[in-house]
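**Student:** Test case, fold it:
(one chain, ligands or ions: 1)
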Amino acid sequence: MTTPIRTVMSPGRYVQGKGAIGRLGEFVSQIGSAPLIVADDVVWGFAGEQVSASFAGVGLRVERVEFGRFATAAAVDALVEKIRATKSDVIIGVGGGSTIDSAKAAGFLAGIRWVSVPTVASTDAPTSALSVIYTEEGEFVEYRFFPRNPDLVLIDTQIVADAPVEFLIAGVGDALATWLEARATAAANATTMAGGLPTQTGTALAKLSWDVIWENALPALDAVRDNLVTPALEKLVEANTLLSGLGFESGGLAAAHAIHNGLTAAPQTHGLTHGQKVNIGSLTQLVLEGAPRTEVEDFIEFTTLVGLPTTLTEIGLGLDDEKELRAIATASTLPGETIHNMPFVVTADDVLNALKSIERLSRSVRAARGLPAPVKYVQKH
Ligand SMILES: [Zn+2]
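**Tutor:** Below is the predicted model of the structure:
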């Protein structure tokens, strides 16, 4: 048995601000001289000009490759080929979580450096040293771990403010789970995504992320509805991206993300965002923990106000979907899943019961607190 260690991982540099994209070339030029940019057509449509101008400013060529919808093994392999063909020495994922995860995985396989440029604050993926690989249908396949984080994470808050607010709502869902999972991992003294025991640093950053979100999420979401960058938005973007990123990686994942991974097994959830599914995982984790009543009720109220799902109905499932719910419970408790970081044993049956219980629980809390009853989300895909 190896000696247990405690460890923290982080990106080399984090840059955030209104107009920060204009300095991308400057920061990338400290890392490499032949950048390859990965961006889908939508992202390139609104960011391409500014990105190109920033590279032109430092005399670097810009090579850009398109991206599909999911970070699949095939998408990663295609990027590795492109890196080799273009002799690039740094790969830059510009866009959402899947684009960034693909760029990281390809950079690692090709042996070059990698940079994350999130255009939305919808997940805490950008800062981490891991990628999540999915199937073409969006089912979870595996985590891929790398020995280091991106050399640079750069996020322009005006671009975040110009994006549809749904992305930021999803980011809140993903980031709120961070503290719930880090606190469980710390209680169990279990292994974090950084490959060691939790540090005070990782756990504290996870808690800070939670506190900043409760204070700033609602005003920040309103600011983004009018495409405005405010101090609340700056704080929320940092909480969703940097604090949550460091917090989940070095603080640890537990039940919420395992249940998210389980949910991807149900076709009904395929059009939902990562953060929406994670929020169902967070609430289910609170139930599994037997968390204090006020904590559970406040969580339901707050995340309902944010615009996140807290019932099966909203994510297209119901108590009658026994087959799907059982498949979710089984997938979320597979050996190696982070649910086994909980400070007590969790079986598939435990998850099944907890998951079913959130429907009536959430409906009761929402009714008691004057919040609207749940309706099925209209899915975009
Ligand atoms: Zn996540």
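
**Student:** can we go C-alpha only for contacts and neighbour counts from here?
**Tutor:** Fine.

**Student:** Give me the longest helix you can find in the chain.
**Tutor:** helix 200-225 (DSSP state H).

**Student:** Buried residues, it. List them.
**Tutor:** 202-207, 209-210, 212-214, 216-218, 220-221, 223-224 (16 or more other C-alpha atoms under 10 Å).

**Student:** need the contact list for the residue nearest the centre of the chain.
**Tutor:** Nearest to the geometric centre of the chain sits Thr123, at 2.7 Å (C-alpha atoms, centre = their mean). Residues in contact with Thr123 (C-alpha atoms under 8 Å, 6 or more residues apart in numbering) are 96-97, 170-171, 174-175, 240-241, 274-275.

**Student:** Mind checking which of those residues are in helices?
**Tutor:** Those of the contacts of Thr123 lying in helices (DSSP H): 97, 170-171, 174-175, 274-275.

**Student:** Narrow the residues you listed to those that are buried.
**Tutor:** Those of the ones in helices among the contacts of Thr123 that meet the buried threshold are 97, 170-171, 174-175, 274-275, by 16+ other C-alpha under 10 Å.

**Student:** Just put those in CSV and tack on distance to Ala73 and pLDDT.
**Tutor:** Converted to CSV, those look like this (distance: C-alpha to C-alpha, whole Å; pLDDT from 0 to 100):
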residue, distance to Ala73, pLDDT
Gly97, 15, 90
Ala170, 24, 98
Gly171, 24, 98
Asp174, 23, 98
Ala175, 26, 98
His274, 19, 93
Gly275, 22, 97
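
**Student:** can you tell me which two in these are farthest apart?
**Tutor:** Gly97 and Ala175 (13.4 Å; C-alpha to C-alpha).

**Student:** burial count for Glu49?
**Tutor:** Residues lying near Glu49 (other C-alpha atoms under 10 Å) number 11.

**Student:** And the strands in the stretch 151-300 of the chain?
**Tutor:** 152-156 (DSSP state E, counting those that start in this stretch).

**Student:** pLDDT weak spots in the stretch 251-381 of the chain?
**Tutor:** Across the stretch 251-381 of the chain, the ranges flagged by pLDDT under 70 are 379-381.

**Student:** Would you map the helices across it?
**Tutor:** 255-263, 274-289, 293-306, 322-332, 348-368 (DSSP state H, counting those that start in this stretch).

**Student:** who wins for proximity to Val43 among those?
**Tutor:** helix 274-289 (18.8 Å).

**Student:** Next, the angle from the closest one to helix 322-332.
**Tutor:** Using axes from the mean of the first three to the mean of the last three C-alpha atoms, to 10 degrees, the direction of helix 274-289 lies 90 degrees away from that of helix 322-332.

**Student:** Residues contacting helix 274-289, please?
**Tutor:** Contacts for helix 274-289 (C-alpha under 8 Å, 6+ apart): 122-123, 169-177, 180, 255-260, 263, 269, 296, 299-300, 303, 308-311, 315, 350-351, 354-355, 358.

**Student:** Stretch 124-134 now?
**Tutor:** 9-11, 70-73, 97, 100-102, 104-105, 116-118, 140-150, 153, 171, 174-175, 240-242, 244-246, 249.

**Student:** Just the buried ones from these, in ChimeraX syntax?
**Tutor:** This is the ChimeraX syntax for the buried subset of the contacts of stretch 124-134, where burial follows 16+ other C-alpha under 10 Å:
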select :9,10,11,70,71,72,73,97,100,101,102,104,105,116,117,118,140,145,146,148,149,150,153,171,174,175,240,241,242,244,245,246,249
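
**Student:** Inside helices: which ones of the contacts of stretch 124-134?
**Tutor:** 73, 97, 100-102, 104-105, 171, 174-175, 244-246, 249.

**Student:** Name the weakest-confidence residue in these, if you would.
**Tutor:** Lowest pLDDT of these: Gly97, 90.

**Student:** isn't that residue right next to Ser122, touching?
**Tutor:** Yes. Assessed by C-alpha atoms under 8 Å, Gly97 is found in contact with Ser122 at 7.5 Å.

**Student:** Let's have the ones in helices among the contacts of Thr123 in a markdown table, adding distance to Ala110.
**Tutor:** Formatted as a markdown table, the ones in helices among the contacts of Thr123 follow (distance: C-alpha to C-alpha, whole Å):
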| residue | distance to Ala110 |
| --- | --- |
| Gly97 | 20 |
| Ala170 | 31 |
| Gly171 | 29 |
| Asp174 | 29 |
| Ala175 | 30 |
| His274 | 27 |
| Gly275 | 30 |
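
**Student:** part of a helix, is Gly93?
**Tutor:** No. Looking at Gly93 with DSSP: H, G, I helix; E, B strand; the rest coil, it is strand, so not inside a helix.

**Student:** Could you check how far it is from Gly138?
**Tutor:** 19 Å (C-alpha to C-alpha, to the nearest Å).

**Student:** More neighbours: those two, which one.
**Tutor:** Ranked by neighbour count (other C-alpha under 10 Å), Gly93 and Gly138 place Gly93 first, with 30 against 18.

**Student:** Not counting residues beside it along the chain, what's closest to that one?
**Tutor:** Ile100 (4.5 Å; C-alpha to C-alpha, 6 or more residues apart in numbering).

**Student:** List the contacts of that neighbour.
**Tutor:** Ile100 sits next to 92-94, 116-118, 125-126 when contact means C-alpha under 8 Å, 6+ apart.

**Student:** Ok, Ala182 next?
**Tutor:** Applying C-alpha under 8 Å, 6+ apart, the residues near Ala182 are 202-203, 206, 247-248, 251-254.
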